[in-house]
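[1] Okay, here's the prediction I keep looking at, along with the sequence it came from:
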Amino acid sequence: MEMEKKMTSLVLICAAILTVFIGVVHSWLGERRLIGPLLSLEHRSGMLASSIFARNILRFAWHLTTLTWWGIAAILVALSLSPLDETGRAILVIVAVTFGLLGTVTFVAGSGRHLAWIVFLMIAGLSLVPLF
């Protein structure tokens, strides 16, 4: 039983680390390769050219995704600290389905070129391991 608890903890910590990692990469690369260039003076058009509010919303929305993933990572760490009850198991199913969908949508939308799908599916799989 103790070995099973340690394995559950390790798996959930690995899922949390991957979730933090994907958030860091998302914010850093997204800012350097997508958001920053989109908001640069020479590339602004439409609302982005005329509205500071729209530019701020775009940037903040991008980075709020990372904060959300980090919140999920914290939940995974919290679940790793004690035996899983029914609620904990339900939360893991929700996390697994969410990251499974993220991985699938990212794979399809990016035709497999956007490598985040691999990390999303790894997080989904690791979140399911303690349920079996």
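    On my side now, so go ahead. Numbering: from 1, shown residues only.
[2] in this structure, what spans have low per-residue confidence?
    Low-confidence segments of the chain, defined by pLDDT under 70: 1.
[3] can you rerun that using 90?
    1-8, 35-52, 54-56, 58, 82-83, 132 (pLDDT under 90).
[4] tell me the centre residue of the chain?
    In the chain, the C-alpha nearest the mean C-alpha coordinate belongs to residue 69, at 4.1 Å (C-alpha atoms, centre = their mean).
[5] For this structure, just list every one of the helices.
    Assigned by DSSP state H, the chain shows helices spanning 2-30, 36-39, 47-50, 52-80, 86-109, 116-128.
[6] Check which helices and strands the fifth one is in contact with.
    Taking 3 or more C-beta pairs under 8 Å, 6 or more residues apart in numbering; DSSP states H and E as contact, the helices and strands that helix 86-109 lies on are helix 52-80, helix 116-128. Yep, even glycine has a C-beta here, placed from its N, CA and C like the rest.
[7] what residues are up against the residue nearest to the centre of the chain?
    19, 20, 22, 23, 26 (C-beta atoms under 8 Å, 6 or more residues apart in numbering).
[8] Most remote residue from the middle of this structure, which is it?
    Outermost residue of the chain (C-alpha atoms, centre = their mean): residue 50, 31.3 Å.
[9] Just give me the neighbour total for residue 28.
    For residue 28, the number of neighbouring residues by other C-beta atoms under 10 Å comes to 11.
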